[in-house]
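> coordinates only, sequence not included:
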């Protein structure tokens, strides 16, 4: 006979505890624990079934069929590169982002392209079938895919037992529910159980599964942190959702590298890939005002040139402000300290604002030299040369330290017409870099 007991789980992150806690030890949320019944079924000895495969025996590595691991090309080169070369059969991919970023539009376009390889099922939990048809008509999609307007995930999975789809899209994970889970749709329990059911189905059948995840007001994907641990790949839309361009970044990828990006341009007929992101992030070429510097950065596995902008002004109040947009706030504070101590710039009574144009977030230390030159250019009100590109990490003693992929960074800069490149190879400290650039 099954034993029933109660467990307490955090509604913010999904952490479970045997008793009620006022503060969650995992996410530090207060008064977030709710009680739910938990049934422990007795084991059936050696004949007990496992969750996946129903008691299958171990298989030698050399006998595993490798044909199921052949990647499928979507036909969008930039998106395939983000995934590591294509979609792996049986993978579970989570696509998140703010409202209006283009999650449903992107997945509908991907589903239409995968329909050439076999049957594709699109589960629309948020919209009716007529609304999906309306979006497909706007995107000029007329692929032979199946639209499943259902929120009962158990009914969906049972209906797919007699089919062999190559891809399954669930839009979204917050709207589907399982009857055996005693919670409402969108709760931590339902999101966790539905994701586990989709993971089991994807691994058992080899169906590539995509799920859409909404975000909270803080920008994190809604649901427990376990949601990101269960999936194979986490793709997230960055940048302003109301703008023309969308940046899709891989934060987790079991089949490729992370921090890869794919830039899309939103048009009336859907999302179109941008082949050269450097031209987008740099904007129009020509004389730049003071406080602007071009940095040769590495995003994922490819070099991308970005424009770092800085604005330095007299502080209106006693405490100067230090604000960073798409940059590390602590990194900016360290660079300002190096400029004051090693370059003799009195920035203690000035407000400093720094940003990366285009919406791309840059967190690598190789952008330190570009941030320092942008701040110095704005402080002295002297514009940098329009043919100058820089990269390099700053040490606390003021030296410019070497960074990885220096040849690729310099080659990308010269390919785009930047004839002067300041790097750790030709400048030793920040003072020498300022003398050469200003």
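Right, received. Where do you want to start? From a predicted model like this one, the values you see are computed outputs, not experimental measurements. Numbering: from 1, shown residues only.

> mind listing what the residue most central in space within the chain touches?
The structure's the chain has its C-alpha centroid closest to residue 236; by C-alpha atoms, centre = their mean the separation is 3.2 Å. Under the criterion of C-beta atoms under 8 Å, 6 or more residues apart in numbering, the contact partners of residue 236 comprise 95, 96, 97, 221, 248, 249, 251. Yep, even glycine has a C-beta here, placed from its N, CA and C like the rest.

> count of residues packed around the second one?
Just to be clear, that refers to residue 96. Applying other C-beta atoms under 10 Å, we find 25 residues neighbouring residue 96.

> Just confirm it contacts residue 211, I think it does.
No: with contact defined as C-beta atoms under 8 Å, residue 96 does not reach residue 211; the gap is 9.4 Å.

> what bridges to the residue nearest to the centre of the chain?
residue 96, residue 249 (DSSP bridges).

> Could you report the distance from it to residue 88?
To residue 88, residue 236 is 19 Å away according to C-beta to C-beta, to the nearest Å.

> and if you look at residue 233?
Remark: distance between residue 233 and residue 88 (C-beta to C-beta) = 9 Å.

> Common neighbours of these two, please.
residue 255.

> Would you mind listing the buried residues in the longest helix belonging to the chain?
In the chain, taking DSSP state H as the definition, the longest helix is helix 188-205. For helix 188-205, the neighbour count (16 or more other C-beta atoms under 10 Å) marks 188-199, 201-203, 205 as buried.

> could you point out which element follows it?
Read in the C-terminal direction, the helix or strand following helix 188-205 is strand 208-213, with elements assigned using DSSP states H and E.

> for that following strand, the distance to its chain's centre please.
Between the centre of strand 208-213 and the centre of its host chain there is 14 Å, according to C-alpha atoms, centre = their mean, to the nearest Å.

> Name every strand pairing with that strand and say which way it goes.
Partner strands for strand 208-213, per DSSP bridges, with pairing direction: strand 92-96 (parallel), strand 167-171 (parallel).

> residues in contact with it?
Counting contacts by C-beta under 8 Å, 6+ apart, the residues outside strand 208-213 that touch it are 72, 87-96, 103-104, 107, 110, 114, 166-174, 195, 198-199, 201-202, 221-223, 227, 231.

> which is the next helix or strand following it?
Sequence-wise, the next helix or strand downstream of strand 208-213 (DSSP H and E) is helix 226-230.

> on that earlier part again, could you work out the most separated pair of the contacts of residue 236?
When the contacts of residue 236 are compared pair by pair using C-beta to C-beta, the farthest-apart members prove to be 221 and 248, with a separation of 14.2 Å.

> Compare these two and say which one has the larger neighbour count.
residue 248 (25 against 22).

> show me where this structure has helices.
77-82, 103-114, 129-138, 153-159, 188-205, 226-230, 277-282, 329-342, 368-380, 406-415, 430-437.

> Distance to residue 315 and mean pLDDT for those helices - can I get that in CSV?
Compiled in CSV, the helices of the chain are given as follows (distance: least, C-beta to C-beta, whole Å; pLDDT from 0 to 100):
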stretch, distance to residue 315, mean pLDDT
helix 77-82, 42, 91
helix 103-114, 42, 94
helix 129-138, 50, 93
helix 153-159, 56, 94
helix 188-205, 45, 91
helix 226-230, 41, 83
helix 277-282, 30, 82
helix 329-342, 13, 94
helix 368-380, 13, 96
helix 406-415, 35, 92
helix 430-437, 22, 92
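
> for these, which one ends up most surrounded?
With neighbours taken as mean count of other C-beta atoms under 10 Å, the helices of the chain reach their highest mean count in helix 368-380, at a mean of 26.

> close enough to count as contact, residue 172 and residue 123?
No: with contact taken as C-beta under 8 Å, residue 172 and residue 123 are classed as non-touching, separated by 9.4 Å.

> Per the annotation, how does the chain divide into domains?
According to the domain assignment given by automatic domain parsing, the chain is divided into the following structural domains: 3-40, 69-275, 280-437.
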